[in-house]
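Undergrad: the following comprises the amino acid sequence and a computationally predicted model.
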Amino acid sequence: MGSQKNLKFLIYGKTGMIGGMLGKLCEKQGIPFEYGKARLEDRSQLLSDMAGVNPTHVLNAAGATGTPNADWCEFNKLETIRSNVVGVLNLADVCEEKGVLLLHFGSGCIYDYDSEHPMGSGVGFTEQHRSNYDGSFYSKTKGMVEDLLGEYKNICVLRVKMPLISDLNHPRNIIKKLLGYEKVVNIPNSMAVLDELLPMAIEMAKRNCKGIWNFTNPGVISHNELLQLYKKYVDPALTWTNFTLEDQRKVLAAARCNNELDSSKLKREFPELLSVRESLIKYVFEPNTKNV
């Protein structure tokens, strides 16, 4: 493993949740880093970032997820393509040309439960499965770009799904989103507890890990279980209402996918990786416990 002194990270996605957290982790670990200035779709700007920073690794957490949610992508398809497809391929291509490892934060929202991976079966989608879901434009771009990224040698794709962090007020935190909804569907999903996972991403860059990785905690958790934990640790007065997937579809511009990702590859690399429920309690809920 290269020593800290020889590391220099170039990070994209400064204003995003993951990009912001990566910068803080680098500061904490004393890893030299700079945030990229380029728009990913502008190759000449990318080349000038690379020349100016001369990084050992590029970490990409930039991309269009849509604000306030993925429905934005349905109405802004060209911006979504530029950001999630053109930009990402451009960055991968420049990194390949320069021989620099790219750690790209992709998405696990490219599958939906099916007959071979039924809900509640414990059988998750592995890194080898091709995307089976393009019901939202966001998911469609993520699945397509991942297929193409597979051709690049110098890349590590980390598939994040439903990110959770200890900052319960962060607008991108799944918990914050759920609390803001009038009604929630109660379906088990794979989720990523970033307070535990992002230090592993930095370690993966140091280890020069490559290929595709399901970057979620092992197991699944349903929205109700998540809200029950919130009620237990944070707000005993919390109440919520469920509705069905059919009802949810009526209020969204695009359907959402639900799935379990198999994170055994990540678990082999980091045997200390906690299950989603244990990780949530340790990293998200216990630090936010109100003394009631």
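TA: Received it, and whenever you're ready, just let me know what you need.
Undergrad: can you give the contact residues for the helix or strand of the chain with the lowest mean pLDDT?
TA: Taking mean pLDDT, DSSP states H and E as the measure, helix 245-251 is the helix or strand of the chain with the lowest mean score, a mean of 78. Contacts to helix 245-251, defined as CB atoms under 8 Å, 6 or more residues apart in numbering, come from residues 183, 185, 187, 255-256. From N, CA and C alone the C-beta is placed, and that goes for glycine too.
Undergrad: for that helix, which residues meet the burial criterion?
TA: Of all the residues in helix 245-251, those buried under the rule 16 or more other CB atoms under 10 Å are residue 248.
Undergrad: past it, which element shows up next along the chain?
TA: In the C-terminal direction, the helix or strand that comes right after helix 245-251 (DSSP states H and E) is helix 264-269.
Undergrad: can I get that next one in PDB, CA atoms only?
TA: The C-alpha trace of helix 264-269 is given here as PDB (Å, rounded to 0.1, in the frame of the first residue of the first chain):
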ATOM      1  CA  SER A 264     -20.400 -10.200   0.200                       C
ATOM      2  CA  LYS A 265     -17.500  -9.000  -2.100                       C
ATOM      3  CA  LEU A 266     -17.200  -5.900   0.100                       C
ATOM      4  CA  LYS A 267     -17.500  -8.000   3.200                       C
ATOM      5  CA  ARG A 268     -14.600 -10.100   2.000                       C
ATOM      6  CA  GLU A 269     -12.400  -7.000   1.600                       C
END
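Undergrad: pull the least confident helix or strand of the chain out as PDB, backbone CA atoms only.
TA: What follows is the C-alpha trace of helix 245-251 in PDB, where atoms were taken according to Å, rounded to 0.1, in the frame of the first residue of the first chain:
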ATOM      1  CA  LEU A 245     -46.500   0.900  -4.400                       C
ATOM      2  CA  GLU A 246     -49.600   1.500  -6.600                       C
ATOM      3  CA  ASP A 247     -50.500   4.500  -4.600                       C
ATOM      4  CA  GLN A 248     -46.900   5.800  -4.600                       C
ATOM      5  CA  ARG A 249     -46.800   5.500  -8.400                       C
ATOM      6  CA  LYS A 250     -49.700   7.900  -8.600                       C
ATOM      7  CA  VAL A 251     -47.800  10.700  -7.000                       C
END
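Undergrad: ok, back up a step: mind putting the contacts of helix 245-251 into TSV with distance to residue 22, pLDDT and neighbour count?
TA: Conversion of those to TSV gives the following (distance: CB to CB, whole Å; pLDDT from 0 to 100; neighbours: other CB atoms under 10 Å):
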residue	distance to residue 22	pLDDT	neighbour count
183	34	89	12
185	31	89	20
187	29	92	19
255	31	74	14
256	26	80	21
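Undergrad: tell me if I am right that residue 106 is in a strand.
TA: Yes - counting by DSSP: H, G, I helix; E, B strand; the rest coil, residue 106 is found in a strand.
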